[in-house]
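Student: got a sequence here, can you model it:
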Amino acid sequence: MKGRVAEIIFVDDSDDSTPDVIAREAARSGMRIRLIHRDDPIGGLSGAVVAGMLASTAEWIVVMDGDLQHPPEMLPILLEAGADEEADVVVASRHINGGSSAGLDGAIRQTASGAAKMLTRAMFPFKLRHCTDPMTGFFAVRRDAVDVRTLRPQGFKILLEILARTSLKVVEEPFVFAERRAGVPKATFGQGLKFLSQLAALRFGRLSGFALVGAIGAVVNILIMAMLQAVGVWYLTAAALGAVVTIIGNFILQERFVFPDLLPDGRRLWGRLWRSLAFNGSETLVRTTLLWVIVESTPVPSLLAQALLIAIGFVLRFVFHSRVVYRQPAAVRRDLRTTDDIESAGGQGTATAP
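Tutor: Numbers count the residues shown, from 1 in each chain. Have a look, this model is predicted:
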């Protein structure tokens, strides 16, 4: 980056000595280095990227990992391609001529990455028609092309969020994904679920994630009810016990996979929990009463009646949770760039933890 006006922003969610290491390097660096240390790392890696983008004032922002699997030598290539092509986004792609994903650890990760790429491009054929590698974490974006505050990312795939929500001119440059020099892979089964949830939310809206969680809860509810009835438990008691388990389970899944982007600005956990429990408890009481009426006055089996009542209540549950439980306070505006973060980032050639 010699000859360019640039800065490096580290967004650090760790609880180790990383801030001290960055401060030491910043003191002897010829480039400006800033640190944003997040004690409450909301949004995972994508949340960290959003925080860094909000803190930057540069015309171009390059997003990259800090473990050198994304080669820094690519930086001027990405920036020059963006300027020459008048692009909004320059993607460092592993999947065009000259690129490679050889640095991925093992055949399983290679296969999973390829499958995720195929699924993503199949779900967004128009938005991603000019992008062969929407799963990459290495790209340059022109600041004025994206309203960062509108992004609601989950998990790792921030580029997918940007391209799916905004119409942008995309160009690509090949790069070789290097072998890992330190650390361990952060891709987990949970991250895979977040990725699928992100895809569904981008393609079909938040309702899809809520429907998936509701479907899982409905199956668990019916299974619990069936098992309890099989050992002689009265069907209404079985229905009530199944409801208690699924209400709590659904709340945990909703917090993690359906509404995680609304948690920073919403009510506190206990406020969300008691509102959810109060509504679901009331809905369960009404549903169980209706179940009793249906079973006692019609030939409909209890399990079938329960399944139908759960499906009918789905829309009401979604409306209440989206409008009440996870409703954002009117005075709150999403802004990940806090005064403390920016002030703690330090001045020219320095970096300090907040």
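Student: leaving out sequence neighbours, find the closest residue to residue 167.
Tutor: residue 127 (7.7 Å; C-beta to C-beta, 6 or more residues apart in numbering). (C-beta placed from N, C-alpha, C; glycine too.)
Student: how about the secondary structure of that neighbour?
Tutor: Under DSSP: H, G, I helix; E, B strand; the rest coil, residue 127 falls in the coil class.
Student: do the same with residue 152
Tutor: coil.
Student: how much space between the residue lying farthest from the centre of the chain and residue 260?
Tutor: Residue farthest from the centre of the chain, counting by C-alpha atoms, centre = their mean, is residue 297 at 47.0 Å. As judged by C-beta to C-beta, to the nearest Å, residue 297 and residue 260 stand 43 Å apart.
Student: same check on residue 146?
Tutor: 21 Å.
Student: repeat for residue 269
Tutor: On the measure of C-beta to C-beta, residue 269 and residue 260 end up 12 Å apart.
Student: the more surrounded of these two?
Tutor: residue 260 (22 against 11; other C-beta atoms under 10 Å).
Student: now do the contacts for the residue nearest to residue 167.
Tutor: 163-164, 167 (C-beta atoms under 8 Å, 6 or more residues apart in numbering).
Student: go on, residue 276?
Tutor: By C-beta under 8 Å, 6+ apart, the neighbours of residue 276 are 247, 251, 254, 321, 325.
Student: just residue 63 next, same as before
Tutor: By C-beta under 8 Å, 6+ apart, the neighbours of residue 63 are 49, 52-53, 137-141, 158-159.
Student: out of those residues, who's nearest residue 240?
Tutor: Distances from residue 240 to the contacts of residue 63, taken as C-beta to C-beta, are shortest for residue 158 (43.0 Å).
Student: was I right about the closest one contacting residue 137?
Tutor: Yes. Applying C-beta atoms under 8 Å as the test, residue 158 and residue 137 come out as touching, 7.3 Å apart.
Student: settle it for me: which of those two has more neighbours?
Tutor: Per other C-beta under 10 Å, whichever of residue 158 and residue 137 has more neighbours is residue 158, with 25 against 19.
Student: distance of that one relative to residue 145?
Tutor: For residue 158, the distance to residue 145 - C-beta to C-beta - is 14 Å.
Student: local confidence estimate at residue 342?
Tutor: Per-residue confidence (pLDDT) for residue 342: 30.
Student: tell me where this structure has strands.
Tutor: 7-12, 32-37, 60-63, 89-93, 139-142, 170-174 (DSSP state E).
Student: direction included, what does the first one pair against?
Tutor: Based on DSSP bridges, the pairing partners of strand 7-12 within the sheet are strand 32-37 (parallel).
Student: likewise for the last one?
Tutor: The strands that strand 170-174 pairs with in its sheet are strand 89-93 (parallel) (by DSSP bridges).
Student: with the third one instead?
Tutor: Strand 60-63 pairs in its sheet with strand 139-142 (antiparallel), by DSSP bridges.
Student: what's in contact with the strand it pairs with?
Tutor: By C-beta under 8 Å, 6+ apart, the residues outside strand 139-142 that reach it are 53, 59-63, 78-79, 82, 87-92, 159, 162.
Student: which among these end up buried?
Tutor: Among those, those scoring as buried are 53, 60-63, 78-79, 82, 87-92, 159, 162 (criterion: 16 or more other C-beta atoms under 10 Å).
Student: quick check: the gap between residue 26 and residue 234.
Tutor: Residue 26 is 68 Å from residue 234, by C-beta to C-beta.
Student: do residue 220 as well
Tutor: Noted for residue 220: a distance of 20 Å to residue 234, by C-beta to C-beta.
Student: the two: which has the busier surroundings?
Tutor: Neighbour comparison, residue 220 and residue 234: the larger count goes to residue 220, with 15 against 11 (by other C-beta under 10 Å).
Student: please name the residues that touch that one.
Tutor: 242, 245-246, 249.
Student: ok, now with 6 Å
Tutor: Counting by C-beta atoms under 6 Å, 6 or more residues apart in numbering, residue 220 makes contact with residue 246.
Student: for the contacts of residue 63, give me TSV that also has distance to residue 39 and pLDDT.
Tutor: Output for the contacts of residue 63, formatted as TSV (distance: C-beta to C-beta, whole Å; pLDDT from 0 to 100):
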residue	distance to residue 39	pLDDT
49	18	89
52	16	91
53	19	91
137	23	87
138	27	92
139	27	94
140	29	95
141	27	94
158	21	83
159	26	88
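Student: of those residues, which belong to helices?
Tutor: Members of the contacts of residue 63 lying in helices (criterion: DSSP state H): 49, 52-53, 158-159.
Student: let's see stretch 34-53 as PDB, backbone CA atoms only.
Tutor: Output of stretch 34-53 as PDB, limited to C-alpha atoms (Å, rounded to 0.1, in the frame of the first residue of the first chain):
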ATOM      1  CA  ARG A  34      -7.100   1.400  14.700                       C
ATOM      2  CA  LEU A  35      -8.700  -1.100  17.000                       C
ATOM      3  CA  ILE A  36     -12.400  -1.700  17.800                       C
ATOM      4  CA  HIS A  37     -12.600  -4.200  20.700                       C
ATOM      5  CA  ARG A  38     -16.100  -5.600  21.100                       C
ATOM      6  CA  ASP A  39     -16.900  -6.800  24.600                       C
ATOM      7  CA  ASP A  40     -20.300  -7.800  23.400                       C
ATOM      8  CA  PRO A  41     -19.700  -9.400  19.900                       C
ATOM      9  CA  ILE A  42     -23.100  -9.200  18.400                       C
ATOM     10  CA  GLY A  43     -23.600 -10.600  15.000                       C
ATOM     11  CA  GLY A  44     -20.500 -12.700  14.900                       C
ATOM     12  CA  LEU A  45     -18.000 -12.100  12.100                       C
ATOM     13  CA  SER A  46     -20.500 -10.300   9.900                       C
ATOM     14  CA  GLY A  47     -21.300  -8.000  12.900                       C
ATOM     15  CA  ALA A  48     -17.600  -7.300  13.300                       C
ATOM     16  CA  VAL A  49     -17.400  -6.400   9.600                       C
ATOM     17  CA  VAL A  50     -20.300  -4.000   9.800                       C
ATOM     18  CA  ALA A  51     -18.700  -2.300  12.900                       C
ATOM     19  CA  GLY A  52     -15.500  -1.800  11.000                       C
ATOM     20  CA  MET A  53     -17.300  -0.500   7.900                       C
END
